[in-house]
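Participant: Fold the following for me, if possible:
(one chain, ligands or ions: 2)
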Amino acid sequence: MTIHLTNTATRQKEPFVPLDPDNVRMYVCGPTVYDRAHLGNARPVIVFDVLYRLLRHVYGVDHVTYVRNFTDVDDKINARAAESGRSIGDITDETTQWYLEDMAAVGALEPSIRGANHDKAMPRATAYIAEMIAMIEDLIAKGFAYTAPISFGHNSKAVYFNAEKAPEHAFFEVEKYSRYGVLSGRTVDEMISGARSERGEGKRSPMDFVLWKPSTIDQPDWESPWGRGRPGWHIECSAMAKSLLGSTFDIHGGGNDLMFPHHENEIAQSCCANGTEKMANFWLHNEMLQVEGKKMSKSLGNFFTVRDLLDQGVPGEVIRFVFLSTHYRKPMDWTAEKAREAKDTLQSWYNLTDGVQSSGKASFQLIDALSDDLNTPLALSILHEIARSGSAKELKLGMQLLGFTNPEQLDWWRTETVFLPGTFSSGSTPLYLNEIVPFLRKWQDLRLAKDYVAADALKVKLEKTGLRISNSTSGPTAVVPYGFDPSKLEDI
Ligand SMILES: Nc1ncnc2c1ncn2[C@@H]1O[C@H](COP(=O)(O)OP(=O)(O)OP(=O)(O)O)[C@@H](O)[C@H]1O
Ligand SMILES: [Zn+2]
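Facilitator: Ligands and ions are numbered 1, 2, ... in the order given. Got it, this is the predicted structure:
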């Protein structure tokens with residue numbers, strides 16, 4: 001069975017043939033670490049996690065390398081340090097840790113080098129400055145890049161190191177690379193207006209972009225042939241990808257907001273420095289999580305974080321489920337309704353598969369769906385069918401393939417059912433039997449007395465505590481959610 005993926009570079013769905021089936025190589029642009037990940041940032045993580053799992057399934061765990069970087073040098077980080085009075089290292093260490101915790105909570109595997117956990121699978125940009133400098137020197141030597149000294153104005157001299165010699169910018173000269181713009185399919189005008197936001201003294205053309213920039217004394221800096229300075233964002237990914245995956249690798253991924261200019265610039269740098277035709281054979285881009293039609297983003301301020309949802313009691317698996325119910329190339333919204341439905345579904349699936357042995361291979365139908373350009377909505381509907389047919393083992397295998405791994409320590413989905421008069425569903429006595437039964441009795445009495453108004457009011461109050469109250473064939477019934485807090489009953 002061949003995996004087919006939509007390749008942004010060709011705008012077609014193509015059969016995926018790895019360069020080396022013994023080591024399938026994927027790079028995904030990671031976060032800039034200065035704040036909590038917002039919910040939109042989790043979308044590429046979950047999408048590429050599914051692809052990673054599929055590749056491991058097809059080629060074997062030891063035959064897939066997945067690299068996702070941390071951008072820990074960036075002007076947004078400097079700004080956060082300046083406004084908070086904290087050190088850059090503190091901010092990047094803390095947010096890196098947060099990111100790892102939040103992405104683990106949504107069921108994402110950590111990237112790995114052929115299945116082995118390794119620092120190199122999650123490289124920090126600051127550990128690759130020497131490689132970035134070498135690549136920039138290479139680009140200059142080959143005539144694709146140039147340098148330009150900053151001009152010392154009346155007050156700028158004092159703020160730079162080594163004031164004797166003006167530090168220099170290094171720029172990539174876009175005109176030298178004929179395939180610039182091919183990935184995103186943009187016109188020169190569109191690219192010029194997109195590039196204008198990036199300032200830089202001494203640029204030959206507004207489209208040229210920064211490879212290296214001088215640092216003032218209050219900015220992070222490294223020694224370089226162009227004076228003390230720091231790298232531009234794009235060169236970070238080119239240098240790390242080359243160093244860890246080679247000059248040409250299989251798949252490069254990220255959100256479609258990165259297609260231009262970031263990925264266009266990565267391609268220009270890598271292909272020109274490495275003398276290759278392609279940086280990656282396949283370019284994959286996920287569409288955006290939106291809020292009222294606009295991209296969820298930090299700059300627009302229309303965001304909430306993954307941690308906000310987790311703290312509100314939305315399980316990470318529910319976040320994952322909601323993302324997978326929309327195809328990765330379609331924009332989507334987060335809604336409370338989708339989260340509720342996902343939670344109900346997962347709750348029933350986890351209960352159905354609880355304790356079921358799960359060795360074996362996931363169903364072919366499911367692999368087929370994922371192999372067709374990661375059709376996760378179809379995969380979920382196949383799981384629905386499997387669940388309806390009652391095939392618990394097959395369901396569990398399928399859930400595992402999609403990353404719903406049923407973590408025993410986080411069994412938010414476990415429920416118990418209490419019936420009147422004091423019987424219960426599971427083998428052991430429910431924890432809150434004695435607290436709940438009197439309320440069920442009272443509800444039954446009100447109904448028998450035909451005082452439906454009071455009965456309904458009581459039901460509403462009980463359901464506010466998290467119980468689900470109904471009248472089953474066995475009589476009044478309360479479904480008790482995992483983590484139920486009986487002290488909430490005291491106010492009724
Ligand atoms: N709303 C979104 N929906 C889906 N993916 C997103 C969204 N916003 C950002 N991403 C992706 O998240 C990843 C991390 O991006 P990055 O760290 O640059 O985001 P950011 O700069 O923190 O966010 P923002 O774009 O909100 O300023 C990238 O792959 C990017 O494409
Ligand atoms: Zn990148």
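Participant: Show me how far the strand or helix carrying Ile192 is from its chain's centre.
Facilitator: Assigned by DSSP states H and E, Ile192 belongs to helix 188-195. In terms of C-alpha atoms, centre = their mean, to the nearest Å, the centre of helix 188-195 is set 28 Å apart from its chain centre.
Participant: Name the residues that touch it?
Facilitator: 174, 180-181, 186, 206-209, 260-261, 264 (C-beta atoms under 8 Å, 6 or more residues apart in numbering). (Each C-beta comes from the backbone N, C-alpha and C, glycine too.)
Participant: Which secondary structure elements does the next helix or strand after it sit against?
Facilitator: Scanning forward in sequence from helix 188-195 by DSSP H and E, the next helix or strand is strand 209-214. Applying 3 or more C-beta pairs under 8 Å, 6 or more residues apart in numbering; DSSP states H and E, we find strand 209-214 packed against helix 129-141, strand 168-172, strand 229-231, helix 233-245.
Participant: Just checking: what are the partner strands of strand 209-214?
Facilitator: strand 168-172 (antiparallel), strand 229-231 (antiparallel) (DSSP bridges).
Participant: Including mean neighbour count, mean pLDDT and distance to Pro15, could those strands go into a markdown table?
Facilitator: Below are the strands paired with strand 209-214 laid out as a markdown table (neighbours: other C-beta atoms under 10 Å; pLDDT from 0 to 100; distance: least, C-beta to C-beta, whole Å):
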| stretch | mean neighbour count | mean pLDDT | distance to Pro15 |
| --- | --- | --- | --- |
| strand 168-172 | 25 | 96 | 33 |
| strand 229-231 | 25 | 96 | 36 |
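Participant: and the ones you listed as a markdown table, adding distance to Ser470?
Facilitator: Shown next, in a markdown table, are those (distance: least, C-beta to C-beta, whole Å):
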| stretch | distance to Ser470 |
| --- | --- |
| strand 168-172 | 65 |
| strand 229-231 | 61 |
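Participant: and Phe304, backbone torsions?
Facilitator: phi -130, psi 160 (degrees, to the nearest 10).
Participant: The lowest-mean-pLDDT helix or strand in the chain: what's the following helix or strand?
Facilitator: Sorting the helices and strands of the chain by mean pLDDT, DSSP states H and E puts strand 423-424 at the bottom, at a mean of 57. As assigned by DSSP H and E, the chain's next helix or strand after strand 423-424 is helix 433-448.
Participant: Which strands or helices does that following helix pack on?
Facilitator: So helix 433-448, by 3+ C-beta pairs under 8 Å, 6+ apart, packs with strand 415-419, helix 452-464, strand 468-472, strand 475-481.
Participant: Asp119: which of the helices and strands packed on strand 209-214 is closest?
Facilitator: helix 233-245 (10.4 Å; C-beta to C-beta).
Participant: do the closest one and ligand 2 meet?
Facilitator: Yes - interface with ligand 2: helix 233-245 contributes Cys237 (C-beta under 5 Å from the ion).
Participant: got the contact list for that helix?
Facilitator: Contacts of helix 233-245 (C-beta under 8 Å, 6+ apart): 25, 27, 29, 32, 65, 67, 69, 71, 73-74, 113, 120, 123, 125, 128, 131-132, 134-136, 209, 211-212, 249, 252, 261-262, 265-266, 269-270, 273-274, 279.
Participant: Does ligand 1 have contacts with the helix or strand just after it?
Facilitator: Using DSSP H and E, the next helix or strand after helix 233-245 towards the C-terminus is strand 249-255. Yes - Strand 249-255 comes into contact with ligand 1 (C-beta under 6 Å from any ligand atom), by way of 254-255.
Participant: before we move on, what about stretch 285-295?
Facilitator: Yes - contact of stretch 285-295 with ligand 1 (C-beta under 6 Å from any ligand atom) involves 286, 288-289, 295.
Participant: could you give me the average pLDDT of that stretch?
Facilitator: Regarding stretch 285-295, the rounded mean pLDDT is 96.
Participant: Check stretch 125-144 too.
Facilitator: 98.
Participant: With stretch 258-267 instead?
Facilitator: 97.
Participant: right, and the pair among the contacts of helix 188-195 with maximum separation?
Facilitator: Across the contacts of helix 188-195 (C-beta to C-beta), the longest gap, 15.7 Å, separates Arg186 and Asp208.
Participant: Who has more neighbours out of those two?
Facilitator: Asp208 (22 against 18; other C-beta atoms under 10 Å).
Participant: List, one by one, the residues from the stretch 201-350 of the chain near ligand 2.
Facilitator: Residues of the stretch 201-350 of the chain lying near ligand 2 (C-beta under 5 Å from the ion): Cys237.
Participant: Can you tell me which residue of the stretch 201-350 of the chain sits closest to ligand 1?
Facilitator: Ligand 1 sits closest to Gly255 of the stretch 201-350 of the chain, with a gap of 1.9 Å, by C-beta to the nearest ligand atom.
Participant: right, and that residue touches His285 too?
Facilitator: Yes - look at Gly255 against His285 with C-beta atoms under 8 Å: they come within range, at 6.6 Å.
Participant: any idea how far stretch 334-349 is from the chain center?
Facilitator: On C-alpha atoms, centre = their mean, the centre of stretch 334-349 falls 19 Å from that of its chain.
Participant: Other residues contacting it?
Facilitator: Contacts for stretch 334-349 (C-beta under 8 Å, 6+ apart): 39, 289, 291, 314-315, 317-319, 321-322, 325, 383-384, 387, 395, 399, 404, 413, 415.
Participant: Take the residues you listed and keep only those in helices.
Facilitator: 39, 317-319, 321-322, 383-384, 387, 395, 399 (DSSP state H).
Participant: Spell out which residues of this protein are next to ligand 1.
Facilitator: Neighbours of ligand 1 within the chain, by C-beta under 6 Å from any ligand atom: 29, 31-32, 40-41, 43-44, 254-255, 257-258, 286, 288-289, 295-299.
Participant: same thing but 8 Å
Facilitator: Within reach of ligand 1 by C-beta under 8 Å from any ligand atom, the chain has these residues: 28-32, 34-35, 37-45, 71, 76, 253-258, 286-290, 295-300, 303.
Participant: Just the buried subset of the residues you listed, please.
Facilitator: With burial judged by 16 or more other C-beta atoms under 10 Å, the buried subset of the residues of the chain next to ligand 1 is 28-32, 34-35, 37-45, 71, 253-256, 258, 286-290, 295-297, 303.
Participant: if I pick the residue nearest to Gln219 when sequence neighbours are not counted, what's in contact with it?
Facilitator: Nearest non-adjacent residue to Gln219, counting by C-beta to C-beta, 6 or more residues apart in numbering: Asn78, 5.8 Å away. By C-beta under 8 Å, 6+ apart, the residues touching Asn78 are 88, 219-220.
Participant: same check, this time on Thr276
Facilitator: Thr276 touches 247-248, 270, counting by C-beta under 8 Å, 6+ apart.
Participant: Having no further points to raise, I will conclude here.
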